[in-house]
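# predicted model follows, preceded by the sequence.
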Amino acid sequence: MNKYDPATIESRWQARWEQDRTFKAPNPGDPGFDPDKPKFYVLDMFPYPSGVGLHVGHPLGYIATDIVARYKRMRGFNVLHPMGYDAFGLPAEQFAVEHGVHPRVTTEQNIANMTRQLKRLGLSYDWDRCFATTDPGYYKWTQWIFLQLYGAWFDPASDHARPIHELIADLDNDNLYIGPDGELVSPYAEGFEGIGGVPAGCRRYCEMTRREQRELIDSYRLAYIDEVAVNWCPALGTVLANEEVTNEGRSERGNYPVYQRPLRQWMLRITAYAERLLRDLDLVKWPESIKLLQRNWIGRSEGTEVQFSMDHSPHAIEVFTTRPDTLFGATYMVLAPEHRLVDRITTPQQREAVDAYKKQAAGRTEVDRTADARKKTGVFTGAYAINPVNGWKIPVWIADYVLTGYGTGAIMAVPAHDQRDFEFATTFDLPIVAVVEPPEEWFEQRASAVEALQGLDLDSLRKRYAENPAVFGQAWEGEGYGMNSANADTSLDALPTERAKRRITQWLEEQGLGRGQVQYKLRDWLFSRQRYWGEPFPILHGEDGEVRPVPEDQLPVELPDMEDFRPEASDDPDTPPRPPLSRAPQSWRIVELDGKRYTRELNTMPQWAGSCWYYLRFTDPNNEQRFAGRQAERYWMLSHRADGTEHRGGVDLYVGGVEHAVLHLLYARFWHKVLYDLGHVATPEPFGRLFNQGYIQAYYYEDDRGVRVPAEEVVDAQGRPAMEVQDEDVEFFHEGRPVRRLYGKMGKSLKNAITPDHICDQYGCDTLRLYEMYMGPLDQSKLWNVRDIIGVHRFLQRLWRNFVNEQTGELRVVDSEPPEALRRLLHHTIQRVTTAMNTMAFNVAIAALIELNNALVNRETLEREIAEPMVLLLSPMAPHVAEELWQRLGHEPSLACAPWPEYDPAMLEQESVELPVQINGKVRGRIRVPADADDKAIEQAAMNDEKVAASLNGREVKKCIVIRKRMVNLVVPEDG
RNA sequence: GCCGGUGUGGCGGAACUGGCAGACGCGACGGAUUCAAAAUCCGUUUCCCGGCAACGGGAGUGUGGGUUCGAAUCCCUCCACCGGCACCA
């Protein structure tokens, strides 16, 4: 083989790596494990094995992590670099339904195909660690983790999860009592100290019936059943998580309508972890933008909970507000239509109107609501509440602009200082009272916007505002000094917002009417799905309502074989959900345990479950005793800093797309924290460092009906394939019909996918790897451009010719000394490539290697001193050609663990340097001075330069700025 | 509407911590080689003005301003595109 022949080289080395288990990562205790090396865990977000396989967008991240893995091995790390498949879930099931095959069969086929594709890319995974979330040996432990959640509760006092039996013990021993609303009351808590016996209004656990006890305990579990309003999608035959529903109120997958309806479902208490999920973002090195997305999703807000008593009614309405300082301006209240008090407080006269409104609100999907452009609607309940600070009797309304799921589902409306309330008050002619003084600028801005206010001076505006804020046309939502805010007891007048908030909250606390409170947007995680292709719950239901976990030694609960695994889809939103497992054989559904008959839970877990902990399984994928051996988990998840201290960083580098910013990453962190609290894992966070790769985008084409056509079939007017045409303003055609060119993320839905196989066939995977890395910064999205691939391919060909004489097939490498300049260039290249590796700027690393390679063109021979480091520098990015050359250079097969080249800093030092000379910041000449010249000498040299002297034209140099080894700047007075 | 990101030649992009803008690649143009083509090799390629040329002058990193001896880089204004959230009290 004389010419560069990627096909031969690549298949040979891939076979070799597989045969030699070159990339096997031994665990502590395994043969070949070297305890002296530090560890590095580099992980990809594992793919979903879809029927169409990979397109060139998938490997972008995989190639990057592979380069890091290979680089770290050469740097002397034990590298864990695994790959697996996230194979449960809707798409696999739908694919199976469409093709009439069992999802297990299609999933296995898809996995086989994707594995083949991945192996062709020469990725250095430890394939012995590969698994799919659908393997019973894996989901056994997914079920086990679910049981950990089921068997735990969140103790707010210690701020972490504890085994549920500890709660039972505390209740049994009267360390805790049960309050009137089922809350846990500690006799040692403030206010109860020193008082013996049961606190007022509380009950003892031992005095409850067994059923009450069970219900109480169940209500504290991290996994619990609740009747909640869920997103029911009849067309898919399943309920969906909030995250799986679009803003338009349709299913993310399939775009079917979604309806709200109450159902009994498994929930996971992620809200208990809201604060820690937020706070611990400080522990991880993630892109700020992703942290921000998570913070927004968690949606923490600080405020005050306030009780409003009712006029002529024993009920009280509890509201949450972030602006307690505006309490004096609360002129009415609004309940969400679904609020539990609505029916109880509505007066007979208003009942009909309220019922009608409730019905209408329930039937309204998000689409309808947004279509209204947020027009405020609502109905008066006929009831009145009492504003606790000033005793005003204020009307209670219901309106759908108040959401059930947030806060208490009820608000105090302060129309003067909340735009939504202002609009509502204006629509229904409710009173508006100003209690915060806006700043001057706002008055000025309003005065120019509102006709009735034009020409008024500031004092008149203020006076006007105090009398009638409605005239100003909008609410002032900012901060300011309090006004109109005093009662006999306390006053917020003239207090700035922050202080007013504190004072009124304190006052409310003293009166027993409220307290400071933190609210989160985050809701508990709806965990049931009415699907077949998911993990079965390890849960049994007794006929008496008992919920019982499947004993650990009976895990996994395997999916039953079923002929018909289709969900029961329907167009009727009122169809009750019927999980496919309800049609499973009776032998599966009915279980006898300790002489008692149970029915299995028939729902399955959502797709996110399997991906919540796969990174842990990779540390010890074949362990049958534990989800991962303690030692293996600790070894790969903990590391040590240079000073020897323990770093609980988890996965050292996790690479994947931004689309998982909130869902997968939040769920996985939640599970991890539960496992951490229960002592099963060693780190508080799973992923110490996260990196988001950009998308590969590509052109796609739509015909005049807006139907997308396959991009590879589109041609221009000359009949050339559209993919090879780059110019703007070209007309394109598909089967003779004109089509429009658009631009978007590569994928199946846009019909613009290009498979990596295609590129590998044409150029080899080293070229594909280089090209994907050379396209630009890893974290940016970029356009797939076939035409540019040739550039990196030429680089590899040229590299080959620099090493190998194509005529004779002989190596050009010799043992003589290289010229000094070349040696310097090499060391400079080592430095550049090393820096680039550390910052994952692989495009820059490749550019540096191309430069070095270009300097070798047209030389008859190549010195070993240059050749060997060069091959090593290239090897993480183009490993096949590097291995081939390394072997031809006379080395033992793999360079996978060869030491990374070091550069000699002395080689980067030049004896003399060329400096640009600027005059007033513009380059006017160049001088060459010794590298160690001092400022004076450099200044003198600059002044002596002919061109500089000419440009100076006799002007006096007022100042000379010398930056060593960079430039000289002479400051002179401006000419003329 | 709110939050975040990005904006550099014909194209993808480079530029340490404020210090020579346009590395490297694509494309284009010119040349060598070739019967010819492909491949390969050499050269030119930000724009404008002057010059046969070597070269000289000016402008220039989305817009306008500011800080600085010096700004792609820092600050403010606006614009465009991309992404997230969206009645969250």
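Arrived safely.

# A:I178: neighbour count?
21 (other CB atoms under 10 Å). Yep, even glycine has a C-beta here, placed from its N, CA and C like the rest.

# now do the contacts for A:D226.
A:264-265, A:267, A:524 (CB atoms under 8 Å, 6 or more residues apart in numbering).

# correction: A:C130
With CB under 8 Å, 6+ apart, A:C130 has these contacts: A:82-85, A:115, A:621.

# what do you get for A:E956?
Contact analysis of A:E956 by CB under 8 Å, 6+ apart lists A:972-973.

# before we move on, what SS does it have?
For A:E956, the secondary-structure state derived from DSSP: H, G, I helix; E, B strand; the rest coil is coil.

# taking the stretch 451-600 of chain A, what residue is nearest to RNA strand B?
As assessed by CB to the nearest atom of the strand, RNA strand B sits closest to A:K521 within the stretch 451-600 of chain A, at 3.5 Å.

# did I read that right, that residue in a helix?
No - counting by three-state DSSP, A:K521 falls outside a helix, being coil.

# since we're on the closest residue to it other than its chain neighbours, how many residues are nearby?
In space, and not counting its chain neighbours, A:K521 is closest to A:G299: 2.6 Å by CB to CB, 6 or more residues apart in numbering. A:G299 has 14 neighbours, counted by other CB under 10 Å.

# gap between A:G299 and RNA strand B?
5 Å (CB to the nearest atom of the strand, to the nearest Å).

# so what's that residue up against?
A:519-522.

# then A:I963?
Going by CB under 8 Å, 6+ apart, A:I963 touches A:N969.

# show the backbone phi and psi for it.
Dihedral pair for A:I963: phi -110, psi 110, per degrees, to the nearest 10.

# give me the distance between it and A:Q940.
According to CB to CB, to the nearest Å, A:I963 stands 16 Å off from A:Q940.

# likewise A:Y695?
According to CB to CB, A:Y695 and A:Q940 sit 55 Å apart.

# okay, those two: which has more neighbours?
Each of A:Y695 and A:Q940 has its neighbours counted (other CB under 10 Å); A:Y695 has more, 19 against 14.

# quick check: that one vs RNA strand B, distance?
Using CB to the nearest atom of the strand, one gets 9 Å for the distance from A:Y695 to RNA strand B.

# which residues touch that residue?
Each residue near A:Y695 by CB under 8 Å, 6+ apart is listed here: A:57, A:657, A:745-746, A:781.

# in strands, which of those residues appear?
Secondary structure defined by DSSP state E assigns A:K745 of those to strands.

# ok, back up a step: which members of the contacts of A:D226 are positioned in strands?
In this view, these that belong to strands under DSSP E are A:264-265, A:267.

# residues from the stretch 701-850 of chain A in reach of RNA strand B?
Residues of the stretch 701-850 of chain A lying close to RNA strand B (CB under 7 Å from any atom of the strand) are A:726, A:774-777, A:780-783, A:785, A:787-788, A:790-792, A:794-795, A:797-798, A:801, A:841, A:843-844, A:846-847, A:850.

# taking those, please make a ChimeraX selection of just the buried ones.
Remark: buried members of those, expressed as a ChimeraX selection using 16 or more other CB atoms under 10 Å:
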select /A:774,775,782,792,795,797,798,801,841,843,844,846,850
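
# any idea how far the residue of the stretch 1-150 of chain A at minimum distance from RNA strand B is from A:N805?
Here the stretch 1-150 of chain A gets closest to RNA strand B at one residue, A:K3, 9.2 Å apart by CB to the nearest atom of the strand. Distance, A:K3 to A:N805, using CB to CB: 11 Å.

# which one of the two has more residues nearby?
A:N805 (13 against 10).

# ok, now which ones touch that one?
Going by CB under 8 Å, 6+ apart, the list of residues near A:N805 reads A:2, A:811-812.

# make it 10 Å
Counting by CB atoms under 10 Å, 6 or more residues apart in numbering, A:N805 touches A:2, A:811-812, A:860-861.

# then A:A486?
Residues in contact with A:A486, defined by CB under 10 Å, 6+ apart, are A:328, A:389-390, A:492-494.

# just the buried ones from those residues?
By 16+ other CB under 10 Å, those give A:328, A:389-390, A:492 as buried.

# returning to what we had before: and the contacts of A:Y695, which of them are buried?
Neighbour counting by 16+ other CB under 10 Å classes A:57, A:657, A:745-746 among the contacts of A:Y695 as buried.

# any chance of JSON lines for the residues you listed, columns distance to A:V101 and pLDDT?
Supplementary listing: the buried ones among the contacts of A:Y695 in JSON lines, determined by distance: CB to CB, whole Å; pLDDT from 0 to 100:
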{"residue": "A:G57", "distance to A:V101": "27", "pLDDT": "89"}
{"residue": "A:G657", "distance to A:V101": "29", "pLDDT": "88"}
{"residue": "A:K745", "distance to A:V101": "29", "pLDDT": "82"}
{"residue": "A:M746", "distance to A:V101": "27", "pLDDT": "84"}
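
# widest-spaced pair of these?
Farthest pair in these (CB to CB) is A:G657 and A:M746. Separation: 11.9 Å.

# now for those two: what residues contact both?
A:57-58, A:60, A:695.

# closest to A:T134 out of these?
Distance to A:T134, by CB to CB, is smallest for A:H58 among the shared contacts of A:G657 and A:M746, at 19.5 Å.

# what residues does the stretch 301-450 of chain A have near RNA strand B?
Residues of the stretch 301-450 of chain A lying close to RNA strand B by CB under 7 Å from any atom of the strand are A:301, A:303, A:320-323, A:336, A:369, A:372, A:374, A:376, A:400-403, A:405-407, A:409, A:411, A:418, A:420.
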